[in-house]
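**Student:** any chance you could fold what I've pasted below:
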Amino acid sequence: MIRVLLADDEDLIRTALAALLDLEPDLEVVGHASDGRAAVDAALAHRPDVAVIDLAMPGLDGIEAAAELAKAMPGCAVVILTGHGRPQHLKLALSAGAKGFVRKGSPGGTLADVIRRVHNGDRYVDPSLAADALTAPECPLTPRELEVLRLAEYDTPVAVIAKQTHLSNGTVRNYIAAVITKLGVSSRAEAVRTAHENGWL
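**Tutor:** Sure thing, here's the model as predicted:
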């Protein structure tokens, strides 16, 4: 039997996935979690062979949880499940140690098949997402520019961003101006939207 952990913050999806997987004769769902931190704790408690983790969850997101599991339980293969995967998410997930990346809209039997594949040491990436990743533009922003843009997302005042990043107000303004110029937009709100659309944030 392949022991499986399911982590998704939506109870309905988690319950439905468990019901589908329980129909498979060689798969056993041994634990559930509703956020990333609980997923790591549940994996340590139940020692699953494969952890299926939603990308967007409270606490730790799926990529952060995958990274923690790769360190704490290298024998547990992680499959990231997402409803809105972007090429950058795929790259981050694979870098974090995930062995599979599956869209929630995939055909019914796909997840069970992917669980078996990653358990056998293979990798699986949703084909359409893999194609998107090959043609996606690289992020032109530096890590520091991304950090400032992430903090600027909710119209955060420059002074607050400066305090959180230990930069001067002028330096923060310069970073925001550089981001706007590099992305070819006219405001930081547009810069945030562009970054999200490309999966850079």
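
**Student:** kindly check the end-to-end length of stretch 114-127 for me.
**Tutor:** 12 Å (C-alpha to C-alpha, to the nearest Å).

**Student:** give me the contact list for it.
**Tutor:** 2, 4, 21, 26-27, 49-50, 52, 77-79, 85, 90, 94, 99-103, 106, 133 (C-beta atoms under 8 Å, 6 or more residues apart in numbering). For every residue, glycine as well, the C-beta is placed using N, CA and C.

**Student:** mind doing that once more with 6 Å?
**Tutor:** Stretch 114-127 is contacted from outside by 2, 49-50, 77, 79, 99-103, using C-beta atoms under 6 Å, 6 or more residues apart in numbering.

**Student:** tell me which residues of it are tucked away?
**Tutor:** 114-119, 124-126 (16 or more other C-beta atoms under 10 Å).

**Student:** now tabulate these in CSV and tack on secondary structure and pLDDT.
**Tutor:** Listed next are the buried residues of stretch 114-127 as CSV, based on DSSP: H, G, I helix; E, B strand; the rest coil; pLDDT from 0 to 100:
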residue, secondary structure, pLDDT
Val114, helix, 96
Ile115, helix, 97
Arg116, helix, 97
Arg117, helix, 97
Val118, helix, 97
His119, helix, 97
Tyr124, strand, 94
Val125, strand, 89
Asp126, coil, 84
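
**Student:** about what we covered before: ranking the contacts of stretch 114-127 by neighbours, who comes first?
**Tutor:** Ranked by the number of neighbours (other C-beta atoms under 10 Å), the contacts of stretch 114-127 place Ala77 first, at 28 neighbours.

**Student:** and for the protein, the residue most distant from the center?
**Tutor:** Gly170 (32.8 Å; C-alpha atoms, centre = their mean).

**Student:** element containing that residue, please.
**Tutor:** When elements are assigned from DSSP states H and E, Gly170 belongs to helix 169-183.

**Student:** what's the angle from the next helix or strand after that helix to helix 169-183?
**Tutor:** Where DSSP H and E defines the elements, the next helix or strand beyond helix 169-183 is helix 188-197. On the basis of axes from the mean of the first three to the mean of the last three C-alpha atoms, to 10 degrees, helix 188-197 is oriented at 60 degrees to helix 169-183.

**Student:** show me which parts of helix 188-197 are buried, residue by residue.
**Tutor:** 188, 191-192, 194-195.
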